[in-house]
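[1] just a sequence and a predicted model for now, questions to come.
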Amino acid sequence: MKKKNIVSLIILIFILITSGNTYGESLKTVVILVDELPLDRVEDLATEDYSLGLMNLKTRKPYSEESLYLTLSTGKKVGVKEGIIGRMHKEEKGTITIERFSSVIDPLMSKTPNLGLLGEVLKKEGISFIGEDLGSILAADNKGNISQGEISIKYDIDWLKQKTDQLLRRNNILVLSYDMENNSKRVELLKDYLNYIDKDQILIIPKKGSSKYSLNKFLVPIIYKDMNDSGILTSKSTKRQGFVAIEDISIQIKETYGHKNKSDIGKSFKAIHKDNPLLEIKSNYDKTINLFLIAYLFHGITYLTQLIYGIYLLKGGKARNKKIYAFYSFVVINILVSLILGFFQFHINMVLYLFINLIFSYFITMYLVNKNINIVELSSIATYVLIVFGIIFYPKIIYNSYIGFNNLVYGARYYGLNNGIMGVLLATSIITFFQITKNMNDSVIKKILFILLFGLNMIALSVNFGANTGGFITSIALFIIMMYFILFNRKNNYKTIGLLIIIGLLLFGINMYMDSLSNEKSHAIQFFYRIKKEGIKEFLYMFRFKWQELLKLTLIPPFSLVLIFQGVILNKLFKSLKENKRLKGETIIILITSLIGFILNDTGVITLIYMTHYLILLLMNELPYLE
């Protein structure tokens, strides 16, 4: 009996030893950094087992390889100067050291002590590197050390197989920096290599945008494979099918190995099954680039309108000219038409979209102008209703319109209301309220409408819908201003002001509390988590960055020129309408709200320009026609 037990034990030990490679393996991840990845090259590399997505490579300035790799490694957008980090050295034990790594990391860690480098967080899991460039940053710990790797690469399948097996035997993650150089042999070699490595998780990320696409430097395709379904990628960072954020890469890998932190900016991603992921991604790319161009065109028309009117007034022109009034009206009608076209997918063909948009906008504008209909009030009501409906029930009409388009090529925002449409929402809500209530004597209904409209603004901009924190605070300020006018009858005393401030803080607190309970936490609540974790340095860093962006954007043309000419226009209109007391309250509310929106957002100048455009048209409408 004892002999049988001994034999059984020996057999069991033998089975465990021989099957260890099959059942005892840890999760393996291979990250492949390629020099470029044009969309037509994706088809060569990806099979039906892979998932595809689009990602924006934009980091903080200055843009550099160092900025890209540090952003990918930390899951936070980073900007460092080029050329500070030195060469790699391979030690006798096989470890790799990066020269002058601390000269970049130490300043970053002084601002953010818990920087979260991939190589530091996953040190116990083991992360190795093969390559000849700064892609090694992705595998380095805080001191610039990599546990194992090769600082040169042979473009030979046997060599790659041997080194991969050797490194993944001791480590769970491998970063491979691979330059295809648009060489068909290297592409075929990479395909053979991908067929060989059947790991749990494979990521293929380009180091830069393809030189084929001159309009786009940052938006690139990525390829992903895991043991689950294939399709197109999405994440809670983007909430857009087919798109992931650059901050998501680090988090995806870290969470694979159980490293999750609630202050992380990025989110892990998942695949949504599609029969033809490549076709879907190509369609997403084309529609994004088309809307990018359409948005620039129509924003340019809006800015040009201000310059033309301003120059006309400086040359001694009258405050209201019928042609200029029609031009100004065209802009607000065009915003409305853009939202209506958002129900469709016409922008897949830019020529078709422009034809439909311009034809409809022109004929609607000219019809209303010739009929002497109050365009700003009519269009404001329709625009406000569409924006609220869209952001709460059907966001695609927002994202498919040029005014609501989130510039995915720029990469600052993926979902929710941008600062342009936020300004339009607030301006149209004010005009809508005053239009509906201008002949209303029933104060109770007036107060109900006030709560309904300006409460809807806060809902539309809250974390669960518009997700625009600066806009949400601006909507709270607008709610408080309207409360001061409607409920408190402009009472100027300490009790009134104190109560209004308390109500404002309470509304903001409720929004943040609901955000903290949500499974899809916004950047705002994560920012509070980071302040709690990192201290006041995190707040000062973000404050300085946002204000630098705001100042820079405000001072450069065309924005600076537009603001100057809008000032000229408002000055002329105020003089022409100095006896019109009815518009005084409405004008003050729009101006104060637009200035608050301007201050609170890094692209707040766009909010200010669009709110002022609606105000100018509102004031022009009160003037008699001058041919």
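    That came in fine, so what should we check first? Numbers count the residues shown, from 1 in each chain.
[2] helices of the stretch 501-627 of the chain, residue ranges please.
    Taking DSSP state H, counting those that start in this stretch, the helices of the stretch 501-627 of the chain run over residues 523-534, 536-555, 559-576, 582-600, 604-620.
[3] all helices for the stretch 251-400 of the chain, in order.
    For the stretch 251-400 of the chain, the helices defined by DSSP H, counting those that start in this stretch cover 277-314, 322-341, 350-370, 375-393, 396-399.
[4] which stretch among those comes nearest Phe539?
    Nearest to Phe539 among the helices of the stretch 251-400 of the chain is helix 375-393 (28.7 Å), distances taken as CB to CB. Any C-beta I mention is one placed from the backbone N, CA and C, and that applies to glycine too.
[5] what comes up buried for the closest one?
    Going by neighbour count (16 or more other CB atoms under 10 Å), the buried part of helix 375-393 is 375-384, 386-388, 390-391.
[6] wait, which of those is closest to Glu43?
    With CB to CB as the yardstick, the closest approach to Glu43 among the buried residues of helix 375-393 comes from Gly390, at 34.5 Å.
[7] contacts only, for that closest one.
    Going by CB atoms under 8 Å, 6 or more residues apart in numbering, Gly390 touches Leu339, Gly342, Lys396, Ile397, Ile398, Gly404.
[8] could those residues go into a markdown table alongside neighbour count, pLDDT and distance to Ile246?
    Formatted as a markdown table, those follow (neighbours: other CB atoms under 10 Å; pLDDT from 0 to 100; distance: CB to CB, whole Å):
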| residue | neighbour count | pLDDT | distance to Ile246 |
| --- | --- | --- | --- |
| Leu339 | 25 | 97 | 30 |
| Gly342 | 24 | 95 | 27 |
| Lys396 | 13 | 93 | 24 |
| Ile397 | 21 | 95 | 27 |
| Ile398 | 25 | 96 | 23 |
| Gly404 | 30 | 95 | 23 |
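[9] thinking again about what came up before, deepest of the helices of the stretch 501-627 of the chain, which one?
    Stretch with highest mean neighbour count among those: helix 604-620 (a mean of 25; mean count of other CB atoms under 10 Å).
[10] burial of Lys371, as a residue count?
    Lys371 is flanked by 8 other residues according to other CB atoms under 10 Å.
[11] repeat for Leu122
    When neighbours are counted by other CB under 10 Å, Leu122 comes out with 23.
[12] tell me where the model's unsure across this protein.
    Within the chain, the ranges that satisfy pLDDT under 70 run 1-25, 211-214, 515, 517-527, 529-530, 532-535, 537-538, 578-582, 624-627.
[13] quick check, central residue of it?
    Arg413 (1.7 Å; CA atoms, centre = their mean).
[14] three-state assignment of that one?
    coil (DSSP: H, G, I helix; E, B strand; the rest coil).
[15] burial check on Ile445, number of neighbours?
    By other CB under 10 Å, 12 other residues sit near Ile445.
[16] so how far is Thr428 from it?
    Look at Ile445 and Thr428: by CB to CB, to the nearest Å, they are 20 Å apart.
[17] please apply the same query to Asn439.
    As judged by CB to CB, Asn439 and Thr428 stand 19 Å apart.
[18] more neighbours: which of those two?
    Thr428 (31 against 6).
[19] didn't that one look like it was pressed against Thr383?
    Yes. Counting by CB atoms under 8 Å, Thr383 is a contact partner of Thr428 at 4.9 Å.
[20] care to break the protein down by domain?
    25-275, 284-620 (automatic domain parsing).
[21] which non-adjacent residue is nearest Glu91?
    Sequence neighbours aside, Thr97 is the residue nearest to Glu91 in space, at 6.5 Å (criterion: CB to CB, 6 or more residues apart in numbering).
[22] make sure the one you found is indeed in a strand.
    Yes. Assessed by three-state DSSP, Thr97 belongs to a strand.
[23] what about it, distance to Asp141?
    11 Å.
[24] as TSV, the helices of the stretch 251-400 of the chain with distance to Asn183 would be great.
    Formatted as TSV, the helices of the stretch 251-400 of the chain follow (distance: least, CB to CB, whole Å):
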stretch	distance to Asn183
helix 277-314	22
helix 322-341	43
helix 350-370	33
helix 375-393	47
helix 396-399	38
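[25] which one of the ones you listed lies closest to Ile481?
    Proximity to Ile481, assessed across those by CB to CB, is greatest for helix 375-393 (17.4 Å).
[26] can you check what angle separates the closest one from helix 604-620?
    Counting by axes from the mean of the first three to the mean of the last three CA atoms, to 10 degrees, helix 375-393 lies at 140 degrees to helix 604-620.
[27] and helix 375-393, how far from the chain's centre?
    Offset of helix 375-393 from its chain centre (CA atoms, centre = their mean, to the nearest Å): 24 Å.
[28] next, the angle helix 350-370 makes with that helix.
    Angle, helix 375-393 to helix 350-370, by the same axes, to 10 degrees: 140 degrees.
[29] what's the angle from helix 375-393 to helix 322-341?
    Helix 375-393 runs at 20 degrees relative to helix 322-341, counting by the same axes, to 10 degrees.
[30] can you dump the C-alpha atoms of helix 375-393 in CSV for me?
    Coordinates of each C-alpha in helix 375-393 appear next as CSV, following Å, rounded to 0.1, in the frame of the first residue of the first chain:
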residue,chain,number,x,y,z
ILE,A,375,-34.8,84.7,-36.4
VAL,A,376,-32.7,84.7,-33.2
GLU,A,377,-35.7,83.9,-31.0
LEU,A,378,-37.2,81.2,-33.3
SER,A,379,-33.9,79.5,-33.9
SER,A,380,-32.9,79.7,-30.3
ILE,A,381,-36.0,77.8,-29.1
ALA,A,382,-35.5,75.1,-31.8
THR,A,383,-31.8,74.8,-31.1
TYR,A,384,-32.2,74.6,-27.4
VAL,A,385,-34.8,71.8,-27.7
LEU,A,386,-32.6,69.8,-30.1
ILE,A,387,-29.5,70.1,-27.9
VAL,A,388,-31.3,69.0,-24.7
PHE,A,389,-33.0,66.1,-26.5
GLY,A,390,-29.8,65.1,-28.1
ILE,A,391,-27.5,65.0,-25.1
ILE,A,392,-30.1,63.3,-22.9
PHE,A,393,-31.7,60.8,-25.4
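[31] next, the contact list for Gly266, please.
    For Gly266, the contacting residues are Gly75, Ser235, Ser237, Ala245, Ile246, Glu247, Asp248, Ile249, Ser250, Ile251, Gln252, by CB under 8 Å, 6+ apart.
[32] likewise for Lys199?
    So Lys199 contacts Lys28, Thr29, Val30, Leu168 (CB under 8 Å, 6+ apart).
[33] what do you get for Ile501?
    Ile480.
[34] look up how far Met483 lies from it.
    Taking CB to CB, one finds Ile501 at 11 Å from Met483.
[35] returning to what we had before: closest one to Ser516 among the helices of the stretch 251-400 of the chain?
    For those, the distance to Ser516 is smallest for helix 375-393, at 21.7 Å, taking CB to CB.
[36] picking that back up, now for the contacts of Lys199: which two are most distant?
    Across the contacts of Lys199 (CB to CB), the longest gap, 9.2 Å, separates Thr29 and Leu168.
[37] shared neighbours, those two?
    Overlap of the contact sets of Thr29 and Leu168 (by CB under 8 Å, 6+ apart) consists of Leu174, Lys199.
[38] the two: which is more packed in?
    Neighbours were counted for Thr29 and for Leu168 using other CB under 10 Å; Thr29 has more, 24 against 21.
[39] number of nearby residues for Ser263?
    Other residues near Ser263 come to 19 when the count uses other CB under 10 Å.
[40] and it, backbone torsions?
    The phi/psi pair for Ser263 (degrees, to the nearest 10) reads phi -90, psi 0.
[41] over to Arg41?
    phi -80, psi -30.
[42] does it touch Glu188 like I think?
    No. Counting by CB under 8 Å, Arg41 does not reach Glu188; the two are 11.9 Å apart.
[43] check contacts around the closest residue to Met350 other than its chain neighbours.
    If the residues on either side of it in the chain are set aside, Met350 comes closest to Asn290, at 4.3 Å by CB to CB, 6+ apart. Asn290 makes contacts with His347, Ile348, Asn349, Met350, Tyr353, as judged by CB under 8 Å, 6+ apart.
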